[in-house]
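[1] All I have is the shape, not the residue letters:
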């Protein structure tokens, strides 16, 4: 096995780029000012990824001022919630005392956050968090990281390393998740050159839940700062409960299940869920579909019957002309000859998709058509490049690797040198995810979750846009978009 799993030499580290805070903070400010109880307040609508600290800096006030004026934020903030922000230079409001030593708290009507509060004690001390990057309270000289992978090492003895079967990489489970480990190690070495010190623990995990529970009893497990769990679902749930109890950050690299983060603020789910497709696609169409119309074709065989209606709703909220049609025959009568037609096809059926492509291809000279396909199209066979290019096809995907990109070429070259083979998707995922979360540890310490909105990484196969909901964990909601252009694939976002 030593010959199969080699430690990696250095590759040039990817650049971690920070946001230009001052410029972005200025853009955050609201222009809406209201007078409340004789004082002027900005009315700020919270957007995804914003924190109280970021908002306080945008307006030049203290975090405690925000909490004083909006008591409901003690329980957390969420997107689209409105805050009243005192205009700097005014005297802070005083909260009158009531018998019993308790403060008079605004009623539900008085509280602009919409959260009714009762019984807030006067001796409550609000400790404002230090800015991301300046808070060193959770930083360490050496971090402990666990990597849990189903490596099936018990089957290694059956491999003849002197005269291996050429099909061994296809038939043996030992190699199934090995590329993730190899990419992970390359990222670890790169981060080491940036000064990060990590003690890595690699565990071979199986489907047996009893063995997973035994693994968690190892004395070093409670001291972990970060766990990557590429695990079967039941096993991950066991590890997630352990991580929550011991306040350990836990990354799920490959599952799409949103329920993994429910009730567990320490879980980070990397793969975006299908439910977020409509928001991402609607935002993209709003940027590109100027003066055109969106036709959403519903295929009766598509498993998510309501998906087309969700996209239509998002498009209409963004002032786009959008309609859902039942099948491609119904769509023909809706195409416009005067404006661009953006056709979104909800189909995961190969035969239906091929028939749709052929039908649209025949109409390409009669109408201005742009076809939008779903992630399921990535694995379909028989999609003619000539059709895809002619229809200016765009594909929504969880990941996309541009092999003309310089960092990708560099990674491929280093990987080939070390492992004498080409990297698979899992290798790219192992590198990107490890580099991202190790960068977070290096920059912010173990309490990096609150600072991910400020962390920007130039990744290879995907991007990261983690969103946290109240009492739950973090979920990446970024979907990639690429298109067919001049017979090659080009990343859009």
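    Cool, got the structure. The structure presented is a predicted model; accordingly, all values stated were derived computationally and were not measured.
[2] Follow the chain on from the helix or strand residue 64 falls within and name the next helix or strand.
    Using DSSP states H and E, residue 64 sits within helix 63-69. Next helix or strand after helix 63-69 toward the C-terminus (DSSP H and E): strand 82-86.
[3] what helices or strands is the longest helix anywhere in the chain leaning on?
    In the chain, assigned by DSSP state H, the helix with the most residues is helix 425-444. The contact analysis (3 or more Cβ pairs under 8 Å, 6 or more residues apart in numbering; DSSP states H and E) places helix 425-444 against helix 178-192, strand 226-229, strand 249-252, helix 406-419, strand 455-457. For the C-beta atoms, the positions are set from N, CA and C on the backbone; glycine is no exception.
[4] chain center to that helix, what's the gap?
    Taking the mean of its C-alpha atoms, helix 425-444 sits 13 Å from the chain's own mean (Cα atoms, centre = their mean, to the nearest Å).
[5] One more: stretch 312-332?
    From the chain centre to the centre of stretch 312-332 is a distance of 27 Å (Cα atoms, centre = their mean).
[6] start to end distance for it?
    Using Cα to Cα, to the nearest Å, one end of stretch 312-332 lies 18 Å from the other.
[7] again with stretch 55-69
    End-to-end span of stretch 55-69 (Cα to Cα): 13 Å.
[8] and that stretch, which residues are buried?
    Residues of stretch 55-69 classed as buried by neighbour count (16 or more other Cβ atoms under 10 Å): 55-59, 61-63, 65-69.
[9] Quick check: which element contains residue 372?
    strand 369-373.
[10] List the strands paired with that strand, with their directions.
    Looking at strand 369-373 with DSSP bridges, its partner strands are strand 341-346 (parallel), strand 394-397 (parallel).
[11] I'd like those strands as CSV, with distance to residue 216, mean pLDDT and mean neighbour count appended.
    Below are the strands paired with strand 369-373 laid out as CSV (distance: least, Cβ to Cβ, whole Å; pLDDT from 0 to 100; neighbours: other Cβ atoms under 10 Å):
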stretch, distance to residue 216, mean pLDDT, mean neighbour count
strand 341-346, 42, 92, 24
strand 394-397, 35, 91, 22
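[12] Tell me which of the ones you listed sits nearest to residue 79.
    strand 394-397 (21.8 Å; Cβ to Cβ).
[13] And for that closest one, what's in contact with it?
    By Cβ atoms under 8 Å, 6 or more residues apart in numbering, the residues outside strand 394-397 that reach it are 277, 280-281, 370-375, 377-378, 479-483, 492.
[14] Just the buried ones from the residues you listed?
    277, 280-281, 370-375, 377, 479-483.
[15] hang on, the earlier thing: rebuild the strands paired with strand 369-373 as TSV, extending it with distance to residue 77.
    TSV is the format used below for the strands paired with strand 369-373 (distance: least, Cβ to Cβ, whole Å):
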stretch	distance to residue 77
strand 341-346	33
strand 394-397	29
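[16] Can you tell me which of the ones you listed is nearest to residue 365?
    Here strand 341-346 is closest among the strands paired with strand 369-373 (Cβ to Cβ), at 13.2 Å.
[17] What is the subsequent helix or strand relative to the closest one?
    Immediately after strand 341-346, counting by DSSP H and E, sits helix 350-362.
[18] Residues touching that next one, excluding its own?
    297, 299, 301, 328, 343, 345, 347, 369, 371, 373, 377, 380-384, 386-388, 390-391.
[19] In helices, which of the residues you listed fall?
    Among the contacts of helix 350-362, the residues falling in helices (DSSP H) are 328, 386, 387, 388, 390.
[20] can you give me the helices in the stretch 101-250 of the chain?
    Here the stretch 101-250 of the chain has its helices, by DSSP state H, counting those that start in this stretch, at 168-171, 178-192, 209-216, 233-246.
[21] From residue 254, how far out is residue 181?
    13 Å (Cβ to Cβ, to the nearest Å).
[22] who's more crowded, the two?
    Neighbours were counted for residue 181 and for residue 254 using other Cβ atoms under 10 Å; residue 181 has more, 20 against 15.
[23] ok, what's across the strand from the residue nearest to the more buried one when sequence neighbours are not counted?
    With Cβ to Cβ, 6 or more residues apart in numbering as the criterion, residue 181 has its nearest non-adjacent residue at 5.9 Å, and that residue is residue 149. Residue 149 forms beta bridges with residue 204, as assigned by DSSP bridges.
[24] correct me, but residue 149 touches residue 232?
    No. Look at residue 149 against residue 232 with Cβ atoms under 8 Å: they stay out of range, at 11.5 Å.
[25] What ranges in the stretch 351-493 of the chain fall below the confidence cut-off?
    Across the stretch 351-493 of the chain, the ranges flagged by pLDDT under 70 are 493.
[26] If we use 80, what do you get?
    379, 487, 493 (pLDDT under 80).
[27] picking that back up, what's the most buried one of the helices of the stretch 101-250 of the chain?
    Most buried of the helices of the stretch 101-250 of the chain, by mean neighbour count (mean count of other Cβ atoms under 10 Å): helix 178-192, with a mean of 22.
[28] what's that helix packed up against?
    Using 3+ Cβ pairs under 8 Å, 6+ apart: helix 178-192 touches strand 143-149, strand 198-204, helix 406-419, helix 425-444.
[29] Now do the longest one against helix 178-192, angle only.
    Going by axes from the mean of the first three to the mean of the last three Cα atoms, to 10 degrees, helix 425-444 is angled at 30 degrees with respect to helix 178-192.
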